[in-house]
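[1] Next one to model:
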Amino acid sequence: MKAAVYYETGKPEVFRYEEFPDPPCHPRGIVIDVKAISIEGGDVLHRAGGEMAARPHIVGYQCAGIVREAGAEVTDRKPGDRVVALMANGSHASVVSVPANQAWLVPDALSLEEASTIPVPWGTADDCLFEFGHLKAGETVLVQAGGGGVGIAAIQLAKRAGATVLATASSDEKLERLKPLGLDHGINYKDEDFVAAVRRLTNGRGVDLVVDSVGGATLQGSLDSLAYRGRAITVGNAGRDASTRPDLGVLSAGNRSLTGVFLGAEALMNPGRVQPMIARHITDIASGALKVIIDRTFPLSEAAAAHAYIESRAAFGRVLLIP
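    Predicted coordinates for the structure are as follows:
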């Protein structure tokens, strides 16, 4: 198989495109010929400075493809099935081996490219809004980084649940593209202080829930944007700034809360809830009830260029690698 690997973390240029032996099939697993790889924010952060499971390391949380082989104990997946799969690492490759229970069947109406973008961002957005965010109809939610994968999913899911949706983005163009997906009020954080904008748009009250995938200094603003008894969800560090820690005094002052969310932990500890939840999103996207956005694709051999493009913050939606 071919894979985009690195021997040390750092800038996108650390990637090397190399040949490796195909991975073995576990008795309870499947081997997938990969057709599309969705680059997640965590993939970029891991490449920049995360823990390496091996040297060389193959980064990546999710991909979609066609089952090549099923383990002896697998009864619900077979060669030829179209699937999208989650993994701790390894998606930046032309072949992957994963537990069968971490792969979802892809309906014929959905392309493998579209399917590759679903589990991580849509599962994360669902957990942030509902399982841990407790969003209810009639509430107001602020989605940070609205043009990212989690942001695009969260805007649609929150609007469908009956919420008023605010979101931040780095340009008016991105905000305009979010309006058909359910955005009620857009905030260009480059032109306006988003905390002041939230207070203005909510008549000084603040929002009931914030989904913050940016972290760093932005997380402080998210906490400052909360209404009385508001909830903030922190999920990742897309801003790549781990040095800034928020003042948590604003929480007790308004009986507010801050919760950290990581889909990987929930998928491991509560698969009976996470697996059908992601399956529902796959079905809804296949039917057209929800929409995924693919910004552009790169060959797997150009993983460095794809990661650099994501870090430029020009992307709207997901960036894919194609083996």
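[2] Give me the domain ranges for the chain.
    2-117+292-322, 124-264 (automatic domain parsing).
[3] out of the ones you listed, nearest to Gln275?
    With CB to CB as the criterion, Gln275 lies closest to domain 2-117+292-322 of the domains of the chain, at 6.9 Å. C-beta: built from backbone N, CA, C; applies to glycine.
[4] So which residues of this structure form helices?
    For the chain, helices defined by DSSP state H occupy the ranges 41-49, 112-115, 119-126, 149-160, 172-178, 194-201, 217-224, 249-253, 263-269, 271-287, 303-311.
[5] quick one: the last one to helix 41-49, angle?
    Just to be clear, that refers to helix 303-311. 110 degrees (axes from the mean of the first three to the mean of the last three CA atoms, to 10 degrees).
[6] Tell me the gap between helix 303-311 and the middle of its chain.
    16 Å (CA atoms, centre = their mean, to the nearest Å).
[7] try the third one
    Average the C-alpha atoms of helix 119-126, do the same for its chain, and the two points are 6 Å apart (CA atoms, centre = their mean).
[8] For it, C-alpha coordinates in PDB please.
    Extracted in PDB, the C-alpha atoms of helix 119-126 (Å, rounded to 0.1, in the frame of the first residue of the first chain):
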ATOM      1  CA  PRO A 119     -18.500  10.300  11.300                       C
ATOM      2  CA  VAL A 120     -16.100  12.700  13.100                       C
ATOM      3  CA  PRO A 121     -17.600  16.100  12.400                       C
ATOM      4  CA  TRP A 122     -21.200  15.000  12.500                       C
ATOM      5  CA  GLY A 123     -20.800  12.800  15.500                       C
ATOM      6  CA  THR A 124     -18.900  15.500  17.300                       C
ATOM      7  CA  ALA A 125     -21.500  18.200  16.400                       C
ATOM      8  CA  ASP A 126     -24.300  15.900  17.700                       C
END
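[9] Who's the closest spatial neighbour of Glu113, skipping the chain neighbours?
    Leaving aside its chain neighbours, Glu113 sits nearest to Ala36 (4.5 Å; criterion: CB to CB, 6 or more residues apart in numbering).
[10] neighbours of that neighbour, just the number please.
    25 (other CB atoms under 10 Å).
[11] Make sure it is actually in contact with Leu300.
    No: at 9.9 Å, Ala36 does not count as touching Leu300 under the criterion of CB atoms under 8 Å.
[12] about what we covered before: closest to Glu18 out of the helices of the chain?
    Nearest to Glu18 among these is helix 303-311 (11.2 Å), distances taken as CB to CB.
[13] and the closest one, what's its mean pLDDT?
    Averaged across helix 303-311, the pLDDT comes to 97.
[14] Give the other helices and strands that it contacts.
    helix 41-49, strand 294-299, strand 318-322 (3 or more CB pairs under 8 Å, 6 or more residues apart in numbering; DSSP states H and E).
[15] Can you give me the distance of the residue nearest to Asp81 when sequence neighbours are not counted to Trp104?
    In space, and not counting its chain neighbours, Asp81 is closest to Val67: 4.4 Å by CB to CB, 6+ apart. Val67 is 12 Å from Trp104, where distance means CB to CB, to the nearest Å.
[16] Overlap in contacts, those two.
    By the contact definition CB atoms under 8 Å, 6 or more residues apart in numbering, Val67 and Trp104 are jointly contacted by Val83.
[17] circling back to that earlier point, including mean neighbour count, could the helices and strands packed on helix 303-311 go into a markdown table?
    Conversion of the helices and strands packed on helix 303-311 to a markdown table gives the following (neighbours: other CB atoms under 10 Å):
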| stretch | mean neighbour count |
| --- | --- |
| helix 41-49 | 20 |
| strand 294-299 | 16 |
| strand 318-322 | 24 |
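[18] Those: which one's closest to Thr234?
    helix 41-49 (13.0 Å).
[19] beta partners of the residue nearest to Asp81?
    Beta bridges link Val67 to Ile32 when assigned by DSSP bridges.
[20] these two touch, right, it and Asp76?
    No: look at Val67 against Asp76 with CB under 8 Å: they stay out of range, at 10.9 Å.
[21] Not counting sequence-adjacent ones, nearest residue to Met87?
    Per CB to CB, 6+ apart, closest to Met87 is Val98, 5.0 Å.
[22] scratch that, Arg16 is what I was asking about
    Nearest to Arg16 is Val5, by CB to CB, 6+ apart, at 5.5 Å.
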